[in-house]
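> could you work out the structure for the sequence below:
(one chain, ligands or ions: 2)
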Amino acid sequence: MTETDLIKFFEPRSVAVIGASNIIGKWGFTLPLNILTGGYRGKLFLINPKEKVVLGMRAFPDLQSVPGEIDLAVLTIPAERVEESVRLCGQRGIPFALVISSDFAEAGKEGEERERRLVRTARESGVRIVGPNTMGYFSSSSRLTAMGIIINPTRGNLGLVTQSGNLGQQLMNRGKEEGIGISRFVGSGNEADLTSTDFIEFLGRDPETRVIALYLEGIKDGRRFFEVARKVSREKPIIVLKTGKTEVGARVARSHSGAVVNDAGVAATAFRQSGIIEVGTTDEVIDVARALLHLPVPAGNRVGIMTMGGGWGVVTTEICVREGLRIPELPEELKKHFDSLLPPFWSRGNPVDLVGTPRRRLQFEVMEKMAQVPEFDFLLVMGVITGAMFTYWDLLKRFFISFFNFAGNHFWAALSFYPSVFRKSRASLRKSRKERKNRPAKKTGGIDLREIKDFNDELLARRIQGMMGKYRKPMIAISGVKNQLLELTKEFDLVVYDTPERGAKVGARMAEYGVFRHKDSRDDKVAIDPERVSRVRNLIPEFPGLVPERVAKEILALYGIPVTREKLAGSPEEAVQAARGIGYPVALKVESPQVVHKTEAGGVKLGLDSDQAVIEGFRNIIRSVGQYDPHAQISGILVQEMARGGVEVFAGVSRDPSFGPVLAFGLGGIFVEILKDISLRLPPVGPEEALAMVTALRGFPLLAGARGRAKADITKAVEILTRLSTLSLELEGLVSEVDINPLMLFGEGQGGLAVDARMIRAD
Ligand code: ADP
Ligand code: MG
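Numbering: from 1, shown residues only. Ligands and ions are numbered 1, 2, ... in the order given. Next up, the predicted model:
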């Protein structure tokens, strides 16, 4: 399929609504009404065979009677009539149909069949479908609100795609409150034809869009999704909220948008590898989107924390660590410098605790100095934005409030000393004003009245903005009075969160994205070797199914993966010949298309060290396998070199129905079966990613030489994984599964060996 030019969909010059209606409450009523009131810049045609006038406009009986070209048809008619209508769109040369109608794949067997027919008809007619079962879409550049809900998004730079229109609506409403404007919104519905991936691809090139956010229930075209997302997120961040990960969630999603169910582990690795920012809640979608729309992307995950209070700093530090952020030490010179500025009991480290110092200029200075530290990729700034504007008037107001509170209970006492408090304060204010120029600033104690005009959040916002521009580092503010500051933060490119949890989480997600953006993308390229593929074709059995261990290893060897020396023997005598050639001791293994797990069938003998042992082993295997499965055809017995003194791990490739080939690595035994300690990655996997795969295992210390064990050859494991990665892509469609189990890893620098290999030829 050629790349769709979705620009005609997002900026149609003319729209026809099929099923437009005069009845309030019908989709055919609300949707065109929204288009009209939204200020759509193109032509709108309403189609209704029974009415002359709809919504005060002339109605057309059918598509044929509409003059001129139509770029988009919106269908708000019953499901049974959609297919025919799409056929007519095709005849009329309409490239896109937005199918609002539901009762398709989300509604069981009959609906699934209806959806299949619809897609077939659409293909034949050359019409691309958005939906069915969608709430519609919004495109800011055309001021087109083709939605069945009354909502008027503000224009902005967030591109939003949701498989649930309703969730899209919630996000747009929440976003509006927080000053997030929308460039394009699509409720992609059942994604029978055009999918989220197509929209991501479009939004990636769309100049109106700077940040992309998705709500996904299921990903149908996982591999393409992965490839597109990986490319787009190099330029623009993509935030994903994915559901359908729990069993119940998956069931609900299926009946909601007819979504396919994705393996949670595979989807998660696809997101991570493609730089997608995965979040767990709708709140986080909004929080992270806001930060990405306003702040620069950090270069890494090292955070500097500035706080007004100790406890706050401790809490934040712990959250940061839990979220995978690093908290570097404060450079020694900076400590010395801060000693000269701050009260003697400041924290002398990161977090920098200002111990409540309400001195604005000092706060600015600390902030700026921290922004300059090369070890900090971004800053969390807590409690500096207060929401309180400390003007003289403000102070006076406070004075009177405290007076009346006090006087309510102790009237005479208040009268006796408050006037003197007032007098003294005023005198001190005058004096300090006079001395402003010739006295150095105080280090501690209360607000310095001379700085009172700095206590203005607008000034602070401007300063922070200036520093972010200068040092290209995000500064995330945390303040208890976020809501009061919303207007301010909308005006200045600032983000303020009300709790350290939210701020730190946003920082962590941005940092992960920053790390991805700064990573070398050379790993991403793969060159297919057609000559090698044809050699594999010559080796592999003609029919789909299990490939013999011996052949599987020959194929692995073509990819540079070290395998055991071995030979197939048809008789005990041949086996002895082979064993002498290989050198004792040897292993014997049955070769049979019916035996998948050889040990289980009594088909493996290990460590045989004489002619006699080989002869006996040969006969024993034939007997055991015969008992295990009387119908098993035995093509011979494999005589194999013994691998000694290594750690057994496994490495393999499996196939996900949506995401295609998936690489797996792990330690054997209980680590897989009980602890499910497996690393997954989608190919291509380069050395860096492969190493991450190995070190991510919980059992990794066992390979790294924990408790006096010998260190395993991790470099070899990494190399083998990258080679499997090449194999998985090169042989896609030919080989569906590879399982090297065990892969024997020897000591550092001594390599590894594929001891057993199971491979499945695809059909
Ligand atoms: P299967 O997995 O089909 O039962 P394997 O070939 O993996 O058969 O053999 C079972 C086990 O025997 C392996 O996990 C490994 O521990 C051991 N083994 C098999 N072949 C060798 C060999 N050549 N050298 C050392 N150990 C071996
Ligand atoms: Mg095995």
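
> now the stretch 1-150 of the chain, which segments are flagged as low pLDDT?
1-4 (pLDDT under 70).

> enumerate the residues of it near ligand 2.
Listed as neighbours of ligand 2 in the stretch 1-150 of the chain under the rule C-beta under 5 Å from the ion: no residues. Every residue, glycine included, has its C-beta placed from N, CA and C.

> ok, which stretches of the stretch 1-150 of the chain are strands?
Taking DSSP state E, counting those that start in this stretch to define them, one finds strands in the stretch 1-150 of the chain at 14-18, 43-47, 53-54, 57-60, 72-75, 96-99, 128-130, 136-139, 144-147.

> so which of these gets nearest residue 551?
Nearest to residue 551, of all the strands of the stretch 1-150 of the chain, is strand 128-130, at 44.5 Å by C-beta to C-beta.

> direction included, what does that closest one pair against?
Strand pairing for strand 128-130, using DSSP bridges, gives strand 96-99 (parallel).

> which residues touch the partner strand?
8-9, 12, 71-75, 82, 85-86, 89, 118, 122, 127-134, 136-137, 146, 189, 192 (C-beta atoms under 8 Å, 6 or more residues apart in numbering).

> can you get me a residue count around residue 202?
Residue neighbour count, defined by other C-beta atoms under 10 Å, stands at 25 for residue 202.

> re earlier: redo the strands of the stretch 1-150 of the chain as a markdown table? Include mean neighbour count.
Shown next, in a markdown table, are these (neighbours: other C-beta atoms under 10 Å):
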| stretch | mean neighbour count |
| --- | --- |
| strand 14-18 | 25 |
| strand 43-47 | 22 |
| strand 53-54 | 16 |
| strand 57-60 | 16 |
| strand 72-75 | 27 |
| strand 96-99 | 27 |
| strand 128-130 | 25 |
| strand 136-139 | 25 |
| strand 144-147 | 26 |
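
> residue 693: which of these is closest?
strand 128-130 (37.6 Å).

> ok now that closest one, how far from the chain's centre?
Centroid displacement of strand 128-130 relative to its chain, using C-alpha atoms, centre = their mean, to the nearest Å, is 26 Å.

> need the strands of the stretch 1-150 of the chain in JSON lines (columns: distance to ligand 1).
As requested, the strands of the stretch 1-150 of the chain are arranged in JSON lines below (distance: least, C-beta to the nearest ligand atom, whole Å):
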{"stretch": "strand 14-18", "distance to ligand 1": "60"}
{"stretch": "strand 43-47", "distance to ligand 1": "65"}
{"stretch": "strand 53-54", "distance to ligand 1": "70"}
{"stretch": "strand 57-60", "distance to ligand 1": "69"}
{"stretch": "strand 72-75", "distance to ligand 1": "55"}
{"stretch": "strand 96-99", "distance to ligand 1": "51"}
{"stretch": "strand 128-130", "distance to ligand 1": "48"}
{"stretch": "strand 136-139", "distance to ligand 1": "53"}
{"stretch": "strand 144-147", "distance to ligand 1": "57"}
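
> would you turn those strands into a markdown table with distance to residue 549?
Putting the strands of the stretch 1-150 of the chain into a markdown table (distance: least, C-beta to C-beta, whole Å) gives the following:
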| stretch | distance to residue 549 |
| --- | --- |
| strand 14-18 | 60 |
| strand 43-47 | 65 |
| strand 53-54 | 71 |
| strand 57-60 | 69 |
| strand 72-75 | 56 |
| strand 96-99 | 51 |
| strand 128-130 | 47 |
| strand 136-139 | 54 |
| strand 144-147 | 58 |
